[in-house]
Each structure stands twice: as structure tokens, then as C-alpha cells.
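Enquirer: Pasting the sequence and the predicted model now:
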Amino acid sequence: MAGGGFSKLPNGSVVVAITLPRPAECAAGGTPVRVLVHAGNRARALTRLRNLGLRAVYLRGNAEPPTPDEITAVLHHPDGLLWRARPERAQELWHPIRALLRPAVAAGQG
């Protein structure tokens, strides 16, 4: 399982950051993606991901908490769910979660 972590914000909510393999249905399947979730607590953040079809998402420990830049990015997004393909490349833009899951949805409709 990939690494991840969380940061508790002053208002009591949390930002969870977790690195996952990209869904196999995507063109670059298997490439790791960094996913950010803003929620009321850690359990709710993971539930939000599981409800999107990412069933095997667990957060064990706090080895890779979100950076201040990641926290800012997810707090300024209306959905509170973002991802980017290469966490080590800061110049890559953040994408809404539906852009990651779109190929799987389109494949199921065809």
C-alpha cells in the first residue's frame, strides 16, 4: 500500500493526502497519483474516496502528511478532492477527482 498522512486544521477538519496507484482503466494505469481529500475527520475522508470506487483505501500512520501547498490547493477547490499524477513534479497542476475516474465511467457506458 502507498504512503499517506493527514493534517488537522484549526477548525477541526482534516486534509488527508494519500499516494495510490492510478486506476488500471486509465491510459497510464499503474502510475502513482497523489490524492487530497478535505473532510470533517479522517474516517469521513476515506469514506469519500471509497464512495467514488476506490475501495481498498486505508491510511496507516502519518508518514507522508500533506504539505502546506497541498493543503492550500484542496481548501481552495469547491469539491475538496484533488489529484495529480506525479507528486514529485511540483509544476504539474492539480486535477478534480472526476478527471481521474472519468475513463472508468466512460468505459462502463460503452
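Expert: That came in fine, so what should we check first? Numbers count the residues shown, from 1 in each chain.

Enquirer: Quick check, residue 42 in contact with residue 16.
Expert: Yes - if you go by C-beta atoms under 8 Å, residue 42 and residue 16 touch, sitting 6.1 Å apart. In this view, the C-beta of every residue, glycine as well, is placed from N, C-alpha and C.

Enquirer: For these two, indicate the residue with more neighbours.
Expert: residue 16 (27 against 17; other C-beta atoms under 10 Å).

Enquirer: Nearest residue to the more buried one in space, ignoring adjacent ones along the chain?
Expert: Leaving out its chain neighbours, the residue that sits closest to residue 16 by C-beta to C-beta, 6 or more residues apart in numbering is residue 45, at 4.0 Å.

Enquirer: can you check residue 75 too?
Expert: residue 38 is the one closest to residue 75 (C-beta to C-beta, 6+ apart), at 6.2 Å.

Enquirer: element containing the one you found, please.
Expert: strand 32-39 (DSSP states H and E).

Enquirer: Name every strand pairing with that strand and say which way it goes.
Expert: Its sheet considered, strand 32-39 pairs with strand 14-21 (antiparallel), strand 81-84 (antiparallel) by DSSP bridges.

Enquirer: Check the offset of that strand from the chain's centre.
Expert: Its chain's average C-alpha position is 2 Å from that of strand 32-39, according to C-alpha atoms, centre = their mean, to the nearest Å.

Enquirer: Could you check how many residues crowd around residue 84?
Expert: 18.
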